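Participant: here are the coordinates; sequence isn't available:
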């Protein structure tokens with residue numbers, strides 16, 4: 001077996017599809033990583049390394065997503081393969097939010113679409129080209145202000161969608177990503193903890209120093225409605241979060257998807273922040289109301305965003321700069337002796353405030369979104 005044939009044995013079935021479209025994508029101006037080249041020879045060949053130690057040895061997490069470089073300018077992009085017959089509105093809604101004047105609205109947090117490629121002989125397949133984004137929860141949040149900044153963007157983003165009569169219908173935690181503003185190093189698309197060349201941990205600044213922008217992705221089951229339709233009804237489609245109360249009550253009964261969106265985002269706030277961080281308890285009342293078991297009792301996004309603005313106005317600059325602790329840190333403390341916990345806590349406290357005194361001196365604000 002020659003080296004190229006041997007290399008192909010390292011690819012999963014879904015990766016082979018991307019390899020088979022390597023030249024097509026290259027002709028369209030998008031270059032895949034060497035792993036997907038028809039001429040790929042694994043970099044660990046004839047070395048003492050194993051595949052998981054190498055940049056080209058890591059399998060992607062999602063079968064329908066892959067990264068690439070745009071040859072025109074070297075920008076890193078994300079490629080999403082979709083079946084247009086199953087998701088007929090995804091491209092339409094994505095392009096709607098990317099059209100002027102909506103694309104120029106700073107409250108628009110829908111992922112931009114750069115290009116849509118029709119796959120030849122693809123049986124209704126298309127490839128959507130978007131910016132390469134990353135998990136919005138990694139690295140951990142450091143301050144209350146960073147949490148508030150994130151939630152502000154998410155609330156204004158869903159408020160923007162609803163204002164333009166679009167229900168996302170799957171705005172759960174995994175469909176919220178962020179850009180790489182806070183990263184010093186480009187990260188590896190299949191292992192975001194590591195640098196792109198897989199030689200060291202990807203370095204980053206704090207969100208306070210380099211605030212990221214957060215985005216909603218995946219409009220595969222989203223719907224746009226006429227402005228005159230004030231109570232659209234849809235048979236439920238389960239998204240990534242299976243806990244929607246009204247779906248459990250009657251799966252065959254049509255429901256208004258806009259209150260369901262409110263539940264999804266409230267549950268994302270609960271899971272991401274209230275269940276994981278200390279110091280953000282002021283969000284509890286709003287999140288609880290967003291997750292009311294009766295969809296008719298949930299606030300709409302106008303009310304949600306207004307209530308959040310009031311909450312935010314009540315937070316002092318010192319509160320916004322105060323530290324939030326992730327439960328991974330707290331569970332570690334539980335295993336340490338009392339004085340070890342105290343010492344570590346004091347060191348973290350001193351380190352935290354040393355950083356934030358520098359931010360104050362440098363006039364870096366505790367958060368970067370302004371009150372609407």
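Facilitator: Happy to help now that I have it. Please read all numbers here as calculations on a predicted model, not as lab measurements. Numbers count the residues shown, from 1 in each chain.
Participant: what residues are up against residue 111?
Facilitator: Applying Cβ atoms under 8 Å, 6 or more residues apart in numbering, one finds that residue 111 lies in contact with 94, 130-131, 133, 177, 215-217. Just so you know, the C-beta spots here come from the backbone N, C-alpha and C atoms, and that holds for glycine as well.
Participant: helices along the stretch 1-150 of the chain, start to end?
Facilitator: 3-8, 13-20, 22-27, 90-98, 144-163 (DSSP state H, counting those that start in this stretch).
Participant: distance check, residue 258 against residue 348.
Facilitator: From residue 258 across to residue 348, the span is 42 Å (Cβ to Cβ, to the nearest Å).
Participant: if you count surrounding residues, which of these two has more?
Facilitator: Taking neighbours as other Cβ atoms under 10 Å, residue 258 and residue 348 compare with residue 258 leading, 23 against 14.
Participant: contacts only, for that one.
Facilitator: Contact partners of residue 258, counting by Cβ under 8 Å, 6+ apart, are 162, 167, 232, 300-301.
Participant: what subset of those residues is buried?
Facilitator: For these, a burial check counting by 16 or more other Cβ atoms under 10 Å picks out 162, 167, 232, 301.
Participant: quick revisit: of the helices of the stretch 1-150 of the chain, which shows the lowest average pLDDT?
Facilitator: Lowest mean pLDDT of the helices of the stretch 1-150 of the chain: helix 3-8, a mean of 54.
Participant: isn't residue 145 right up against residue 366?
Facilitator: Yes. Between residue 145 and residue 366 there is a contact under Cβ atoms under 8 Å: 3.6 Å.
Participant: which neighbours do these two have in common?
Facilitator: Common contact partners of residue 145 and residue 366 (Cβ under 8 Å, 6+ apart): 208, 320-321.
Participant: how about CSV for these, with pLDDT added?
Facilitator: What follows is the shared contacts of residue 145 and residue 366, written out as CSV (pLDDT from 0 to 100):
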residue, pLDDT
208, 95
320, 96
321, 95
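Participant: only whichever of the residues you listed are buried, select them in PyMOL.
Facilitator: Entered in PyMOL, the line below selects the buried ones among the shared contacts of residue 145 and residue 366, by 16+ other Cβ under 10 Å:
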select buried, resi 208+320+321
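Participant: restricted to helices, list the shared contacts of residue 145 and residue 366.
Facilitator: Judged by DSSP state H, the shared contacts of residue 145 and residue 366 include 320-321 as members of helices.
Participant: quick one: the strands in the stretch 151-300 of the chain?
Facilitator: Under the criterion DSSP state E, counting those that start in this stretch, the stretch 151-300 of the chain carries strands at the ranges 166-167, 176-178, 187-188, 191-195, 214-216, 223-224, 277-278.
Participant: show me the contact partners of the first one.
Facilitator: When contacts are taken as Cβ under 8 Å, 6+ apart, the neighbours of strand 166-167 outside the stretch itself are 93, 96-97, 161, 222-225, 232, 234, 257-258, 260-261.
Participant: narrow the residues you listed to just the buried residues.
Facilitator: For these, buried by 16+ other Cβ under 10 Å: 93, 96-97, 161, 222-225, 232, 257-258, 260-261.
Participant: tell me the two of those that are most distant?
Facilitator: 96 and 260 (20.4 Å; Cβ to Cβ).
Participant: ramachandran angles for the nearest residue to residue 186 once chain neighbours are set aside?
Facilitator: With sequence-adjacent residues excluded and distances taken as Cβ to Cβ, 6 or more residues apart in numbering, residue 186 is closest to residue 196, at 4.1 Å. The phi/psi pair for residue 196 (degrees, to the nearest 10) reads phi -60, psi -40.
Participant: what number of residues are in the vicinity of the residue nearest to residue 72 when sequence neighbours are not counted?
Facilitator: Leaving aside its sequence neighbours, residue 72 sits nearest to residue 29 (Cβ to Cβ, 6+ apart; 5.8 Å). A count of nearby residues for residue 29, using other Cβ under 10 Å, gives 16.
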